[in-house]
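Trainee: Can you look at this prediction? I've put the sequence above it.
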Amino acid sequence: MRPWSARVHGAGGICGAAVLITEHHVLTCAHVVNAALGRPPTATTRPESLINLDFPAAPGTPRVQAAVAEDGWFPIEPDERGDIAILHLTTPSPTGT
């Protein structure tokens, strides 16, 4: 795994991947966030719940939580555009990421 790789977790385990883009932000797909929160893949309202992530390149570090950024929610549109979510970490990313 690369230092910028993250995994998004839900109740059933890993729901998808994310990419660290700043110390406090990751980029993932909106459908991955929806899956992590037990929502339909095409749900369009910006979720308010926190999402759990981990960074495989930093083994032994605890999971971190993130919220969908206010201006970072682009759900799947009927024409299949979108499917992007920018998450704001509640704490900085682990050392080594």
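Mentor: Perfect, I can see it now.
Trainee: show me where the protein has helices.
Mentor: 30-36 (DSSP state H).
Trainee: Tell me where it has strands.
Mentor: Assigned by DSSP state E, the strands in the chain fall at 5-10, 13-22, 25-28, 51-54, 64-74, 84-89.
Trainee: mind giving me TSV with the ones you listed and columns for distance to Thr42 and mean neighbour count?
Mentor: Every residue, glycine included, has its C-beta placed from N, CA and C. Putting the strands of the chain into TSV (distance: least, Cβ to Cβ, whole Å; neighbours: other Cβ atoms under 10 Å) gives the following:
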stretch	distance to Thr42	mean neighbour count
strand 5-10	16	20
strand 13-22	15	16
strand 25-28	16	22
strand 51-54	18	21
strand 64-74	13	17
strand 84-89	13	21
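Trainee: now those strands as a markdown table including distance to Thr97 and mean pLDDT?
Mentor: As requested, the strands of the chain are exported to a markdown table (distance: least, Cβ to Cβ, whole Å; pLDDT from 0 to 100):
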| stretch | distance to Thr97 | mean pLDDT |
| --- | --- | --- |
| strand 5-10 | 8 | 97 |
| strand 13-22 | 6 | 97 |
| strand 25-28 | 10 | 98 |
| strand 51-54 | 10 | 97 |
| strand 64-74 | 10 | 97 |
| strand 84-89 | 10 | 98 |
